[in-house]
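**Student:** The following block contains a protein sequence and its predicted model.
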Amino acid sequence: MSSPGTIPPDLRYTKTHEWVRVEGTVATVGITDHAQAELTDIVFVDLPAEGKAVEGGAPVLVLESVKTVADVYAPGSGRVRAVNSELKAHPELVNQDPYGKGWLVRIELTGPIDPAKLLGPDDYRASIASA
């Protein structure tokens, strides 16, 4: 069983290890500390184009690590409003600061995210512990 790492209490989480911060109609998305630790050193972030339509639950971008390639999923439907372009030159920020400088995308939501698809910090911690 792996350690869950840091799980900030003010965020929501997906079962696929994304964290989500919703402010109004904008969802900022990144991967959790647990996910970045499992992926190990991230060497490339394939960011989507700003304005790209995304579907809730579908892949929105790809992370490449020294170990594997992993999809990151959109928590809700909408359009990519912003990408963290700093990750093009510094993909290691995802490992170093997954909840801060390592954020991935901001999505302008076309509707609310289904609350059943998001976990609170305690539920996310329990989901990792039981995995």
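**Tutor:** Done, it's in. Remember, it's a predicted structure, so these values are computed and weren't measured experimentally.

**Student:** neighbouring contacts of stretch 79-99?
**Tutor:** Stretch 79-99 is contacted from outside by 6, 8, 11, 19, 26, 30-33, 35-36, 40-45, 47-54, 60, 63, 101-108, 110, using Cβ atoms under 8 Å, 6 or more residues apart in numbering. For glycine as for every other residue, the C-beta is placed from the backbone atoms N, C-alpha and C.

**Student:** helix or strand for the spatially most central residue of the chain, which one?
**Tutor:** The chain has residue 30 as the residue nearest its centroid, 2.7 Å off, counting by Cα atoms, centre = their mean. Per DSSP states H and E, residue 30 falls inside strand 26-31.

**Student:** list the buried ones in that strand?
**Tutor:** 27-31 (16 or more other Cβ atoms under 10 Å).

**Student:** Please spell out the PyMOL selection for the buried subset of the contacts of stretch 79-99.
**Tutor:** Per 16+ other Cβ under 10 Å, the buried members of the contacts of stretch 79-99 correspond to this PyMOL selection:
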select buried, resi 11+19+30+31+32+33+35+36+42+45+47+48+54+60+63+102+103+104+105+106+107+108
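
**Student:** Go through the contacts of stretch 79-99 and flag which are in helices.
**Tutor:** Secondary structure from DSSP state H places 33, 35-36 of these in helices.

**Student:** and which of the residues you listed is nearest to residue 77?
**Tutor:** Proximity of the ones in helices among the contacts of stretch 79-99 to residue 77 (Cβ to Cβ) peaks at residue 35, which lies at 21.9 Å.

**Student:** Now for the residue nearest to the closest one when sequence neighbours are not counted, how many residues are close by?
**Tutor:** Nearest residue to residue 35 in three dimensions, chain neighbours excluded: residue 17, at 3.7 Å (Cβ to Cβ, 6 or more residues apart in numbering). Burial of residue 17 is recorded as 21 neighbouring residues (other Cβ atoms under 10 Å).
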